[in-house]
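Participant: Whatever this is, show me its structure:
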Amino acid sequence: MDGEKILIQANVSDERRSDGFVYIETFNQTQKMQVALRKLALFWGLAILSILIPVFHFVLVPLFFALGFFFAHRGYKSEGQVLSGSTTCPHCHTEVVVRKAELNWPITEICQGCARVVRIEKA
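Facilitator: From the prediction side, this is the model:
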């Protein structure tokens, strides 16, 4: 697995904890800027395409334009990317798979066994 392996602790809003790991990829300034510009281009492209939709374009164009700024800023502030990982739910002891996502600590996942929000932090 590419990326750095980080040990984590998971909790469900109480004192119970379980250990696990995630693989992450951290971004440098250039990569952060590329992610931000890619997201901005995606949403501005959607804004341009939504010009062709009658009536709805009055709402969609400004919405996609503003969402472009929002998601570009969020992408730039991200520390990197979570590639994968695994832990167990501290409540029901079901395996919780950490999926690919933006790296913003703490990471949250939903336990498929008990439907609780599992909060994942660095160990």
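Participant: okay, now the domains of the chain?
Facilitator: Using automatic domain parsing, the domain ranges for the chain come out as 1-27+84-123, 28-77.
Participant: How far away from the center of its chain is the first one?
Facilitator: Domain 1-27+84-123 has its average C-alpha position 13 Å from the chain's average C-alpha position, going by CA atoms, centre = their mean, to the nearest Å.
Participant: likewise the shortest one?
Facilitator: Distance of domain 28-77 from the chain centroid (CA atoms, centre = their mean) equals 17 Å.
Participant: what is the mean pLDDT for it?
Facilitator: Averaged over domain 28-77, pLDDT sits at 89.
Participant: same question, stretch 3-14
Facilitator: Throughout stretch 3-14, pLDDT has a mean value of 80.
Participant: So which bits of it are buried?
Facilitator: Of all the residues in stretch 3-14, those buried under the rule 16 or more other CB atoms under 10 Å are 3, 6, 8, 9, 10, 11, 12. No exception for glycine: its C-beta is placed from N, CA and C like everyone else's.
Participant: now swap in stretch 77-90 and tell me
Facilitator: Using 16+ other CB under 10 Å as the test for burial, stretch 77-90 gives 78, 80, 81, 82, 83, 85, 87, 88, 89, 90.
Participant: got a list of what the second one touches?
Facilitator: Yep, that's residue 80 we're talking about. 24, 25, 26, 27, 103 (CB atoms under 8 Å, 6 or more residues apart in numbering).
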